[in-house]
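Peer 1: I'd like to go over a predicted model; first the sequence, then the structure.
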Amino acid sequence: MEKSRILFVCIHNSARSQMAEAFLAAACSERFEAASAGLEPGTLNPLVVEVMAEVGIDLSKKGTQAVFELSKQGRIYSHVITVCDEASAERCPIFVGVTQRLHWSFPDPSALTGTREERLAGTRRIRDAIRAQIETWCAGQCAPA
């Protein structure tokens, strides 16, 4: 069976989309090929790298990429899933051949304030919410018809 290509998009490709990509790859790599990109790619959030390592996923060597570059390359995805706020999601380009566009809003870890421990705790909550959403979505996608 050919894998469905899934693209996760957020603002900087530094946190939410990277976590979603990693969790989908871990949960359903036999069915899906996951990728992620940002509207304005930045650098990977070090707190995200840290909290993902806590659950056995190494993002330390990952880079960020621009969603518009992927769009210009003519990449085809079965799903484009935005994981940022609604206003930012509306800026995502239209991809040729996309069969479904979904929006899952998660808080931005880079917007968290407080001590390092408070920001880590908030990033863990976001990580866990993304993982739960991916697991629920995968279960629905992989269920027999």
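Peer 2: Thanks, I have it. Residues are numbered from 1 along each chain as shown.
Peer 1: only C-alpha atoms for contact and neighbour calcs from this point on.
Peer 2: Noted.
Peer 1: What degree of burial does Cys84 show, as a neighbour count?
Peer 2: 23 (other CA atoms under 10 Å).
Peer 1: wait, doesn't it sit right on His12?
Peer 2: No: counting by CA atoms under 8 Å, Cys84 stays clear of His12, with 9.7 Å between them.
Peer 1: For Gly38, give its distance to Ile11.
Peer 2: 5 Å (CA to CA, to the nearest Å).
Peer 1: for this protein, where's the lowest mean pLDDT among helices and strands?
Peer 2: Lowest by mean pLDDT, DSSP states H and E among the helices and strands of the chain is helix 86-89, with a mean of 62.
Peer 1: now the helices for this protein?
Peer 2: Assigned by DSSP state H, the helices in the chain fall at 16-28, 46-54, 67-72, 86-89, 116-142.
Peer 1: list residues touching both of Gly38 and Ile11?
Peer 2: Residues touching both Gly38 and Ile11 (CA atoms under 8 Å, 6 or more residues apart in numbering): none.
Peer 1: Show me what stretch 14-33 is in contact with.
Peer 2: For stretch 14-33, the surrounding residues in contact (CA under 8 Å, 6+ apart) are 1-10, 34-38, 41-45, 48, 52, 57, 64, 82-84, 106, 108-109, 126-127, 130-131, 134-135, 138.
Peer 1: Nearest the geometric middle of the chain, what residue?
Peer 2: By CA atoms, centre = their mean, the chain has its centre lying nearest to Ser17, at 2.1 Å.
Peer 1: quick one, what contacts Ser60?
Peer 2: By CA under 8 Å, 6+ apart, Ser60 lies in contact with Val49.
Peer 1: For it, report the pLDDT, please.
Peer 2: Ser60 is assigned a pLDDT of 95 by the prediction.
Peer 1: Quick check on it: phi, psi?
Peer 2: The phi/psi pair for Ser60 (degrees, to the nearest 10) reads phi -60, psi -20.
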